[in-house]
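> Sequence first, predicted coordinates after that:
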Amino acid sequence: MNTNLEKISKGVSGEAEFAQTSIIANSNKKDTKVHSRRKVNLQDQVIRDRVYRLARHQVSLTSIASCLSIKAATLNKYFKDEEDFKAVYEKGRLDGLAEIECAIIENATKYNNVRAQMFILERLSRDKWGCEQININSNFSINIDQSEKDLCLDN
C-alpha cells in the first residue's frame, strides 16, 4: 500500500490493525476451513475518522476500501445500509473541496496567481470567460477546372 495513503489513513495517533478469524465447520467433512474476514464496526469512531480523513483528501472509494481492508463493493453496501456512515464520507468530501476552493481563491487573490485567476473566472462565468469548443467540418471538395488539370499535368 502507498505509504502516503497509509499516513493519511492512520492519522497522527495511529491505530491497531484489525483482524477477525472465523472457523466454519462443514458438517459433511471432518476438516475445518479458516476464513479471515474483515468485520468493520461502522459505529467505531476510529473507522469514521479514518473515512472522513481519506474523503477530505479526495481519496477514491476503492482506495478507502483498501485502507479498511475491505472490497469497494462492501464499502458501497455499508453506505447504502448506514446513512450516517455515508454522511461521514460525504462531509469529508465536501470539507476537502471547500479547502481546495479556499486555496485556489487565496492563490488568485493573495499571491496573484494568474492561472488560479483564470480558473476562477472560467468556472464562475463560463459564457463570458470560458473556452468555446469550435467544431470544424472537415468534409470538403475541390473543384478543379480543366485548365488547372492541364497545368498540373504539364509539370
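Yes, it's here.

> Confidence-wise, which helix or strand of the chain is lowest on average?
Between all helices and strands in the chain, the lowest mean by mean pLDDT, DSSP states H and E belongs to strand 20-25, at a mean of 34.

> Please, where are all the strands along this protein?
20-25, 32-37 (DSSP state E).

> what about the chain, any weak spots by pLDDT?
Low-confidence segments of the chain (pLDDT under 70): 1-38, 129-155.

> Okay, helices next: where are they in it?
For the chain, applying DSSP state H gives helices covering 3-10, 45-56, 61-67, 72-81, 83-109, 114-124, 126-129, 146-154.

> okay, those helices in a markdown table with distance to Lys39 and mean neighbour count next?
No exception for glycine: its C-beta is placed from N, CA and C like everyone else's. As requested, the helices of the chain are exported to a markdown table (distance: least, CB to CB, whole Å; neighbours: other CB atoms under 10 Å):
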| stretch | distance to Lys39 | mean neighbour count |
| --- | --- | --- |
| helix 3-10 | 18 | 13 |
| helix 45-56 | 11 | 19 |
| helix 61-67 | 14 | 18 |
| helix 72-81 | 10 | 14 |
| helix 83-109 | 14 | 14 |
| helix 114-124 | 43 | 13 |
| helix 126-129 | 47 | 10 |
| helix 146-154 | 80 | 8 |
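
> any idea how far Gln58 is from Ser125?
Counting by CB to CB, to the nearest Å, the separation of Ser125 from Gln58 is 25 Å.
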